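K.L.:
Just the structure for this:
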Amino acid sequence: MIRSTLWMIGALTSFCLMAVGARELNGQISVFQILFFRSIVGLLVLLPIILLSKRRGFLFPKRLNLHVVRNLFHFAGQYGWFLGIGLLPLATVFAIEFTVPFWTIIISYLFLKESITVKKIIAVLLGILGVIVIVQPSLEVAHYGSLIVLGAAICYAFSHVATKSLSNTEHPLTIIFMMCLIQAPLGLLLFIEGWTTPVGVEWLWLTIIGLTALSAHYCMTKAMQYAEVTFVVTMDMFRLPLISLIGVLLYSEHFSVALVLGMLLIVAGNSVNIYGKKNST
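P.N.:
Coordinates of the predicted model:
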C-alpha cells in the first residue's frame, strides 16, 4: 500500500504540473502547438525505450484503424482540456473532467453492450447533477468554457472505451507510442501557419508538459500493481482539492460554495461506481 501511495503521489504531482504548465503557456503558445510538442517529447522518450528493450514489435499495431479513431477523440479531448485551463479556474476544469467515468459508463453500454446497474445509474445521475451545480446553466446560460471541458470529458470517455478494446490485443507501450505518433502530425497540421517560436522558460514548460503527460499515466499504472484499482482511483480524487489549493495560491482563484458542492456530488458518484464494482466481484 505504501508503494502504491508513493506512485500515486507521483501521478498527482504530474497531473498538477501539467495543468500549471498549460496555464503558464496560455496566450503565449497555441494549444495545437503545445499538443505537438507534447507528442514529440513522448516520442523522444518512448522510442529509445522500445528499441533498447529489443521489442520492436511494439512499434507495429495490430488494429491501426481503432488507434486512429481513439486518437482523434483523445486529441479532441486534450485540446478541450488545455483550452479550458486558459478559460476557467483549475478546480473547475478538474471537477468537470472527473465526469469521464460517467460518460464512459453510457458509451460502454451503447457500444460494448456492458450492463447498466442501479449503482451505475445513481453514479451517472450524481455526476450530471454535480456538473449542473458547477456550471449553473440557468445563471450563465452555460459558460462556453465549461461546455468545452464537458465536451473534452466526453471525448476522453470515447478514448477510454477504445483503449479498453485495444488492450485486448495491444501492449500498453504500443498504445502510448501510437498516441504520440498519430497526434504529433495532427498538432503540426493545425498550427503550422501560426507557428510561434518558444523562448526562454516556455521551452521548460513545454518539456514539463510532455514529460508529465507520460509520467502521470506510468505512475498510475505502477500504483495499480501494488494496490486495488479502487484505492488508486480514490487517491486520484485528491487531485480536486490539490489543484484547487494550487489555483488559490498561484492564481488567486476563488473557491465557491457551488464548486465545492459540485465536486462533492461528482466524488460521491465516482465512489458509488468504484465501490459498487468492488462489492460485485
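K.L.:
can you point me to the longest helix in this protein?
P.N.:
Longest helix in the chain, counting residues (DSSP state H): helix 201-226.
K.L.:
other SSEs contacting that one?
P.N.:
helix 2-25, helix 31-52, helix 172-191, helix 229-236 (3 or more C-beta pairs under 8 Å, 6 or more residues apart in numbering; DSSP states H and E). Using the backbone N, CA and C atoms, a C-beta is placed for each residue, glycine as well.
K.L.:
Compare the mean pLDDT across those and name the weakest.
P.N.:
Mean pLDDT is lowest for helix 229-236 out of the helices and strands packed on helix 201-226, coming in at a mean of 71.
K.L.:
Give the next helix or strand downstream of it.
P.N.:
Where DSSP states H and E defines the elements, the next helix or strand beyond helix 229-236 is helix 239-251.
K.L.:
And that following helix, how far out from the chain middle?
P.N.:
How far helix 239-251 lies from its chain's middle: 17 Å, per C-alpha atoms, centre = their mean, to the nearest Å.
K.L.:
Check what pLDDT residue 80 gets.
P.N.:
The model's pLDDT for residue 80 equals 96.
K.L.:
Next, the angle helix 31-52 makes with the helix or strand hosting it.
P.N.:
According to DSSP H and E, residue 80 maps onto helix 64-87. With axes from the mean of the first three to the mean of the last three C-alpha atoms, to 10 degrees as the basis, helix 64-87 and helix 31-52 are set at 130 degrees to each other.
K.L.:
Give the other helices and strands that helix 64-87 contacts.
P.N.:
Identification of packing neighbours for helix 64-87 by 3+ C-beta pairs under 8 Å, 6+ apart yields helix 2-25, helix 31-52, helix 90-97, helix 144-166, helix 172-191.
K.L.:
how about the third one: buried residues?
P.N.:
Think helix 90-97. Of the residues in helix 90-97, 90, 91, 92, 93, 94, 95, 96, 97 count as buried by neighbour count, 16 or more other C-beta atoms under 10 Å.
K.L.:
now the fourth one
P.N.:
Residues of helix 144-166 classed as buried by neighbour count (16+ other C-beta under 10 Å): 145-146, 148-163, 165-166.
K.L.:
Repeat that for the first one.
P.N.:
Of the residues in helix 2-25, those buried by neighbour count under the rule 16+ other C-beta under 10 Å are 4, 7-8, 10-12, 14-25.
K.L.:
C-alpha coordinates for it, PDB please?
P.N.:
Taking C-alpha atoms only, helix 2-25 is exported to PDB below (Å, rounded to 0.1, in the frame of the first residue of the first chain):
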ATOM      1  CA  ILE A   2       2.900   2.400   0.800                       C
ATOM      2  CA  ARG A   3       4.400   1.800  -2.700                       C
ATOM      3  CA  SER A   4       1.100   2.400  -4.300                       C
ATOM      4  CA  THR A   5       0.600   5.600  -2.300                       C
ATOM      5  CA  LEU A   6       4.100   6.900  -3.400                       C
ATOM      6  CA  TRP A   7       3.400   6.100  -7.100                       C
ATOM      7  CA  MET A   8       0.000   8.000  -6.800                       C
ATOM      8  CA  ILE A   9       1.800  11.000  -5.300                       C
ATOM      9  CA  GLY A  10       3.900  11.000  -8.400                       C
ATOM     10  CA  ALA A  11       0.800  10.800 -10.600                       C
ATOM     11  CA  LEU A  12      -0.900  13.600  -8.700                       C
ATOM     12  CA  THR A  13       2.200  15.800  -8.900                       C
ATOM     13  CA  SER A  14       2.400  15.100 -12.700                       C
ATOM     14  CA  PHE A  15      -1.200  16.000 -13.400                       C
ATOM     15  CA  CYS A  16      -1.000  19.200 -11.400                       C
ATOM     16  CA  LEU A  17       2.400  20.200 -13.000                       C
ATOM     17  CA  MET A  18       0.900  19.600 -16.500                       C
ATOM     18  CA  ALA A  19      -2.100  21.900 -15.600                       C
ATOM     19  CA  VAL A  20       0.200  24.600 -14.300                       C
ATOM     20  CA  GLY A  21       2.400  24.300 -17.400                       C
ATOM     21  CA  ALA A  22      -0.700  24.700 -19.600                       C
ATOM     22  CA  ARG A  23      -1.800  27.800 -17.600                       C
ATOM     23  CA  GLU A  24       1.700  29.400 -17.800                       C
ATOM     24  CA  LEU A  25       1.700  28.900 -21.600                       C
END
